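A.B. asks: no FASTA, just this:
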């Protein structure tokens, strides 16, 4: 089964979505290309899906250069997106692009559990969550495991829980869990400081800002927990959806504004103080043409940069919104499950089909696109299919590190691309599929693979 659905599994496909209450990860995704429903009256058949997703580079930007800031040191990576705004523009990391060490940190993805949590780091430690809801603190220098703490609670969910994530702040590691809980651990010892039970599993990762930790559960409810006591200070419920993408997305916070992503395709801005909604915008296209496009989840983290919010949905919208009003500035027909990366004059985004897109941040015009899967397709026996099928890798990222756009993929590669042209520069074999974008800390990149292995690249 491909990770895309591990990504998102439509309950009974479109016809039965209304009767489907929860996501199940055990339904297979066949992997065949969907066929267009309409037939041309004459001439060549044209796939509506492929036509709608084409992005043409702007003639006005042809041959024009764009500005990228120089790399800066990353001395902390406390949130799933690096900072509370889910943005680190350009970091000094992995100049040699060589693997320094590997460490098994626990359980990998399996029938019940999934490795979904982005890596975070602070004070010389890397914090990771494995596929069995165990948090590990690992030495950033040597890979030595310093402590382990399980937040698994079979009494809360006897069938198993999966997903969740970690964030660091104020000497605590905050852990969301598919076992319907939010916990705070002592960052030095792993001792449990507090645990707060909730009604639904939490597959998303938390964001810590000020005296609150923010997280969204599978029922599209945003929680604001007090970082000291674990008390729920306020909640906000978005529109619930029966199917979602299995990624540990997390809210973005800037000042007193929280921007939360929901499975309905909603981005909602709220007051961090009391949860009062300021605006909401849905990143969803009205001309959806397939069952999979009915999954509208904003699975990639929303990003706040220079007074704008950037987000991409599974139903085909990459957009820039004004942080204060929610007013859209531009939108493009891009289906994605990764956080966009605004940096300098541009916004980088990776589509679900494996296209790297570079967009002018002010106008939404396209500089260039690159097919990441060119030359990477391979034949594989299909599940519940006859014969062999062609599969391509799924990509996670990008991260701009030491003048390279770095991404990882489900074929077990870490690949670096020229940020000005998209040309591939180098590739590392990780030894296992990777579905979580790298984190940067103290000059190194850290990748958590699907089999529960933490890899340091310097």
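C.D. replies: Received the coordinates, thanks. All of these numbers come straight from a predicted model, not from anything done at the bench.
A.B. asks: give me the nearest residue to residue 210, chain neighbours excluded.
C.D. replies: Among residues not flanking residue 210 along the chain, residue 272 sits closest, at 6.8 Å (Cβ to Cβ, 6 or more residues apart in numbering). Heads up, the C-betas are built off the backbone N, CA and C, glycines and all.
A.B. asks: and for that neighbour, the neighbour number?
C.D. replies: By other Cβ atoms under 10 Å, the residues close to residue 272 number 22.
A.B. asks: separation between it and residue 80?
C.D. replies: 17 Å (Cβ to Cβ, to the nearest Å).
A.B. asks: quick check: end-to-end length of stretch 405-417?
C.D. replies: End-to-end span of stretch 405-417 (Cα to Cα, to the nearest Å): 5 Å.
A.B. asks: equivalent analysis for stretch 124-141, please.
C.D. replies: End-to-end distance for stretch 124-141: 7 Å, by Cα to Cα.
A.B. asks: offset the numbering so it begins at 294, please.
C.D. replies: Renumbered: residue one is now 294, and that last one reads stretch 417-434.
A.B. asks: which regions of this protein lie under the pLDDT threshold?
C.D. replies: Within the chain, the stretches with pLDDT under 70 are 294-347, 447, 449-453, 536-537, 539, 579-587, 674-680.
A.B. asks: tell me where it has helices.
C.D. replies: For the chain, applying DSSP state H gives helices covering 297-300, 341-346.
A.B. asks: hang on, isn't residue 609 packed against residue 578?
C.D. replies: Yes: with contact defined as Cβ atoms under 8 Å, residue 609 counts as touching residue 578 (4.6 Å).
A.B. asks: okay, the two: which has more neighbours?
C.D. replies: residue 609 (26 against 18).
A.B. asks: mind checking how far that one is from residue 649?
C.D. replies: According to Cβ to Cβ, residue 609 and residue 649 sit 17 Å apart.
A.B. asks: tell me the centre residue of the protein?
C.D. replies: The centre of the chain sits closest to residue 593, judged by Cα atoms, centre = their mean, with a distance of 3.9 Å.
A.B. asks: now that one. Nearest residue, chain neighbours left out?
C.D. replies: The nearest residue in space to residue 593 (Cβ to Cβ, 6+ apart) is residue 632, at 4.1 Å.
A.B. asks: so where do the strands sit in the stretch 444-593 of the chain?
C.D. replies: 457-462, 465-470, 474-479, 485-490, 500-502, 505-509, 514-519, 525-530, 545-547, 550-554, 559-564, 570-575 (DSSP state E, counting those that start in this stretch).
A.B. asks: pull the residues that contact the first one.
C.D. replies: Residues outside strand 457-462 that contact it (Cβ atoms under 8 Å, 6 or more residues apart in numbering) are 369, 371-373, 409-411, 413-415, 420-422, 426, 428, 444, 466-471, 480, 495-502, 506, 520, 541, 543.
A.B. asks: kindly report the same for the last one.
C.D. replies: Strand 570-575 is touched from outside by 529, 550, 557-564, 589, 612, 614, 617-619, 621, with contacts defined as Cβ under 8 Å, 6+ apart.
A.B. asks: adjacent strands (with direction) for that strand?
C.D. replies: Strand 570-575 sits in its sheet next to strand 559-564 (antiparallel), going by DSSP bridges.
A.B. asks: first-to-last residue distance for stretch 412-432?
C.D. replies: End to end - Cα to Cα - stretch 412-432 spans 13 Å.
A.B. asks: how far off centre is it?
C.D. replies: Here the centre of stretch 412-432 is set off from its chain's centre by 17 Å, with Cα atoms, centre = their mean, to the nearest Å.
A.B. asks: what do you get for stretch 696-712?
C.D. replies: Centroid displacement of stretch 696-712 relative to its chain, using Cα atoms, centre = their mean, is 15 Å.
A.B. asks: again with stretch 693-703
C.D. replies: Between the centre of stretch 693-703 and the centre of its chain there are 15 Å (Cα atoms, centre = their mean).
A.B. asks: now stretch 389-406
C.D. replies: Mean-position distance between stretch 389-406 and its chain equals 18 Å (Cα atoms, centre = their mean).
A.B. asks: now do that stretch: distance from first to last residue.
C.D. replies: Termini of stretch 389-406 sit 34 Å apart (Cα to Cα).
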